[in-house]
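Peer 1: Based on what follows, work out the 3D shape:
(chains A, B, C and D)
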There are 2 protein chains.
Amino acid sequence: MTDRQRRILASLVAEYIDQGEPVSSSWLAEHSALGLSSATVRNILARLEEQGLVRQPHTSAGRVPTDSGYRRYVDVLLGTRRRSTTSPDFQARLQRAGTVGDLLEHASHELSQASQQIGFAVAPANTSVRLQHIDFVNLEGTRVLVIVVAAGGQISHRVIDTDERYDSAALTEAANYINSELTGMTLDEARQAIVERMREERLLYDALMSRALKLAGSGLAEMQPVETLHLQGASFLIDGMAGEPLDRQRAMETLRVLFRMIEEKHQLVELLSRSIEAGGLTVVIGSENISPDLHPFSLVISTFQNGDRTGSVGVIGPTRMRYQRAISVVDGVSRAVSRLLEGQ
Amino acid sequence: MTDRQRRILASLVAEYIDQGEPVSSSWLAEHSALGLSSATVRNILARLEEQGLVRQPHTSAGRVPTDSGYRRYVDVLLGTRRRSTTSPDFQARLQRAGTVGDLLEHASHELSQASQQIGFAVAPANTSVRLQHIDFVNLEGTRVLVIVVAAGGQISHRVIDTDERYDSAALTEAANYINSELTGMTLDEARQAIVERMREERLLYDALMSRALKLAGSGLAEMQPVETLHLQGASFLIDGMAGEPLDRQRAMETLRVLFRMIEEKHQLVELLSRSIEAGGLTVVIGSENISPDLHPFSLVISTFQNGDRTGSVGVIGPTRMRYQRAISVVDGVSRAVSRLLEGQ
DNA sequence: CTTAGCACTCTCAGAAAGAGACTGCTAAGA
DNA sequence: TCTTAGCAGTCTCTTTCTGAGAGTGCTAAG
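Peer 2: Coordinates of the predicted model:
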């Protein structure tokens, strides 16, 4: 691929992203600063089309990038990326967040606002999160509320329906016992520890301890490593789709599918986590998505690390996305989140 | 308004809801079982139009109900409503829910599925909810996580940035003190009690108690009576709008506005709570909505009571909604939720 | 290798025309 | 007085046609 081809492709993609309309050879000849005539540009475009990087919506239209075309363009962007200098100071904006959940909620909001797309943030999988505190609260009847606080203030809770009645004092004592034993372990370790202790305790016949372990066990067991997804800005997507010259039926169908995905977050979470494996900043374009439902969309994702925890933030938008901006925004927010988590 | 007019209107609205297309005089003559000719029906329709109950999209089209027309129709439905006999057993389906939050989440899901619309559920305002348990968890530095559990398992939490450092033991003790003092009060009472005690404690100079009160106070203070809104089924709305013969621009605009409302839930909550004052089962049709943004939509809402707490469930859909079905579904779910809350 | 020129293709917007759907009105009948 | 058959009138919707416009591919010359 020659340098000229690269430059023409870059101009074409940039212009198409900006205007949303097929780009003609004459426009490229005038604006690409290569001093070429439109006929020459046409030759180049024919080559690019052979390589599957651009296509024509119909015979006498200009060119539009294909997913591969975007891919080439984005790879160049990612290669020559300079540190995001002009991006707003996300860190200052996110400062006031309390728990990790709040932080990610704000982060997804910032992403959404800054990129004018759907912004999302996935909390670190909490299997490797350390247990900070556990608490049992007596509800009516035989039901007990188990509250688990992970380091960083991440909180989750489940109602356990037990066989026996507990009184508040016993529960408090039980919680104290568990806390003294398990605090500081990861959830996985804690689960394992519980299994081991229950084996030992069976010999001791200590009612309190065995009960406490049972409760904590079922609390942690039901506490699947649900990666909570924070997601904001779905309304931007509608603007985005309105601009596309798709026929109405198709556009509506696409929208509906995406909104269903948004509602069934767990599905999206799974897809995201599969896309992330690479780590760092990743861009997934259109048909590169595993799920066909996401083929009309692109994702810009960045993972952040905090010790042994990995989470991710990013944006979702149409394949015709301002990648430049999206990348710098996602990168900025990701760094900010990372730094804030370290700071804690 | 004569009986004939009523019956014609009912047929017209039912048919329009079913088919989504203007209803002609000849269709009504054939199907209304009144044994009238289309000419006579045309006369009747002219009267209904004078009263603003129906209108013609254009000169040579059939009739379509206006908002007032729907209103008349719904009033009849509400008047002659028999107990929902055929509705599925929501209560059985909702049985497994743990906390009130879970229950309402499931309820909104059931509503959405059964009505094929957006389903929502608003938790009771928690000012009058009784305090079940309060807990302080030490986070890093000077930050403390305050967890408040209300009766029924409703849970909320805030991170408070304090001036001083606490150790875990002190926090546990503080929580125990607060629990023994405040459990069973409503949140309002608890707040008031804290203010009073702080006045007394100032004389005693008891560091522990005063700290505990301070924490609990700021915890409860930031714990605004946020009515959490559970909402599901936004994707159904897209189907609904796709059917409408509005021009694309307008439809997209309408959708965007609604999705923005859905994202900024607090706005919607406020609107809903204003619509509910009546209590029981209410239907708000199109332009009857306070917010102009909701004028293309109708709401079917039912409040449920549980002691001194009031919450609500309902559905949101286009004005051309299957009111019959929506009403019976909302009524059914509302009763189920009410009964399940009582059962606790 | 580049470029001017040209024929060709396809879309888009607008106009025209015919079919179809309903209505409102009128005048006759019960 | 109420109902109804009949009919002219209106409006939309679909189809067809047309011309303009945009942009391309190809060819032949520089």
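Peer 1: What is the subsequent helix or strand relative to whichever strand or helix holds A:Lys214?
Peer 2: For A:Lys214, the element it lies in under DSSP states H and E is helix A:207-222. As assigned by DSSP H and E, the chain's next helix or strand after helix A:207-222 is strand A:229-232.
Peer 1: what about whichever residue of the stretch 101-250 of chain A sits closest to chain B, neighbour count?
Peer 2: Of all residues in the stretch 101-250 of chain A, A:Val159 sits closest to chain B, at 3.2 Å by C-beta to the nearest C-beta. Bear in mind the C-beta positions are built from the backbone N, C-alpha and C, glycine included. With neighbours defined by other C-beta atoms under 10 Å in any protein chain shown, the count for A:Val159 comes to 20.
Peer 1: residues touching it, list them.
Peer 2: Counting by C-beta atoms under 8 Å, 6 or more residues apart in numbering or on different chains, A:Val159 touches A:139, A:143-146, B:98-99, B:102, B:153.
Peer 1: ok, the strand or helix carrying it: who's next to it in the sheet?
Peer 2: Counting by DSSP H and E, the element that carries A:Val159 is strand A:155-161. Each strand paired with strand A:155-161, and its direction, by DSSP bridges: strand A:143-150 (antiparallel).
Peer 1: Next, the angle helix A:207-222 makes with the strand it pairs with.
Peer 2: Orientation check (axes from the mean of the first three to the mean of the last three C-alpha atoms, to 10 degrees): strand A:143-150 against helix A:207-222 gives 70 degrees.
Peer 1: hmm, stretch A:48-59 touching DNA strand C?
Peer 2: Yes. Using C-beta under 7 Å from any atom of the strand, stretch A:48-59 reaches DNA strand C at A:58-59.
Peer 1: Contacts for that stretch, please.
Peer 2: The contact list for stretch A:48-59 (C-beta under 8 Å, 6+ apart) reads A:1, A:5, A:8-9, A:12, A:22, A:45, A:62-66, A:68-69, A:72.
Peer 1: Looking at those residues, state which has the most neighbours.
Peer 2: A:Leu12 (29 neighbours).
Peer 1: what about A:Ile160, distance to DNA strand C?
Peer 2: 60 Å (C-beta to the nearest atom of the strand, to the nearest Å).
Peer 1: Then A:Gln267?
Peer 2: For A:Gln267, the distance to DNA strand C equals 35 Å [C-beta to the nearest atom of the strand].
Peer 1: what residues are up against that residue?
Peer 2: A:Met261.
Peer 1: What are the buried residues along the helix or strand containing A:Glu253?
Peer 2: A:Glu253 is part of helix A:248-263, with elements assigned from DSSP H and E. Using 16 or more other C-beta atoms under 10 Å in any protein chain shown as the test for burial, helix A:248-263 gives A:251-263.
Peer 1: tell me the angle of it relative to helix B:248-263?
Peer 2: Using the same axes, to 10 degrees, helix A:248-263 lies at 10 degrees relative to helix B:248-263.
Peer 1: The helix or strand just after helix A:248-263 to helix A:248-263, inter-axis angle?
Peer 2: As assigned by DSSP H and E, the chain's next helix or strand after helix A:248-263 is helix A:265-276. For helix A:265-276 against helix A:248-263, the angle by the same axes, to 10 degrees is 90 degrees.
Peer 1: Which element is encountered next along the chain beyond helix A:265-276?
Peer 2: With DSSP H and E, the next secondary element past helix A:265-276 is strand A:281-284.
Peer 1: tell me how far that next one is from the chain's mean position?
Peer 2: Between the centre of strand A:281-284 and the centre of its chain there are 11 Å (C-alpha atoms, centre = their mean, to the nearest Å).
Peer 1: How about residues contacting the lowest-mean-pLDDT helix or strand in chain A?
Peer 2: Least confident element among the helices and strands of chain A, by mean pLDDT, DSSP states H and E: helix A:207-222 (a mean of 74). The contact list for helix A:207-222, computed with C-beta under 8 Å, 6+ apart, reads A:134, A:136, A:144, A:146, A:148, A:158, A:160, A:162, A:164, A:166, A:170, A:173-175, A:177-178, A:182, A:187, A:190-191, A:194-195, A:197-198, A:201-202.
Peer 1: where along the stretch 51-200 of chain A do the strands fall?
Peer 2: A:54-55, A:64-65, A:118-122, A:131-138, A:143-150, A:155-161 (DSSP state E, counting those that start in this stretch).
Peer 1: Below-threshold pLDDT in chain A: ranges please.
Peer 2: Within chain A, the stretches with pLDDT under 70 are A:82-88, A:96-97, A:125-128, A:152, A:201-208, A:222-227, A:242-249, A:307-309, A:343-344.
Peer 1: buried sites along the longest helix anywhere in it?
Peer 2: Criterion DSSP state H: the longest helix present in chain A is helix A:323-343. Going by neighbour count (16+ other C-beta under 10 Å), the buried part of helix A:323-343 is A:323, A:325-338, A:340-341.
Peer 1: Over to stretch A:311-327?
Peer 2: Within stretch A:311-327, the residues that count as buried by 16+ other C-beta under 10 Å are A:311-323, A:325-327.
Peer 1: With just CA atoms, put it into PDB.
Peer 2: Only the C-alpha atoms of stretch A:311-327 are listed here, as PDB (Å, rounded to 0.1, in the frame of the first residue of the first chain):
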ATOM      1  CA  GLY A 311     -12.300  -3.000  34.500                       C
ATOM      2  CA  SER A 312     -13.100  -1.200  31.300                       C
ATOM      3  CA  VAL A 313     -14.700   2.000  30.000                       C
ATOM      4  CA  GLY A 314     -15.600   2.900  26.500                       C
ATOM      5  CA  VAL A 315     -18.200   4.200  24.000                       C
ATOM      6  CA  ILE A 316     -20.600   2.600  21.600                       C
ATOM      7  CA  GLY A 317     -21.600   4.400  18.400                       C
ATOM      8  CA  PRO A 318     -22.300   3.800  14.700                       C
ATOM      9  CA  THR A 319     -19.400   2.700  12.600                       C
ATOM     10  CA  ARG A 320     -19.400   6.200  11.200                       C
ATOM     11  CA  MET A 321     -18.000   7.500  14.400                       C
ATOM     12  CA  ARG A 322     -15.600  10.300  15.200                       C
ATOM     13  CA  TYR A 323     -12.800   7.800  16.100                       C
ATOM     14  CA  GLN A 324     -10.300  10.500  16.700                       C
ATOM     15  CA  ARG A 325     -12.300  12.100  19.400                       C
ATOM     16  CA  ALA A 326     -13.700   8.900  20.800                       C
ATOM     17  CA  ILE A 327     -10.200   7.500  21.200                       C
END
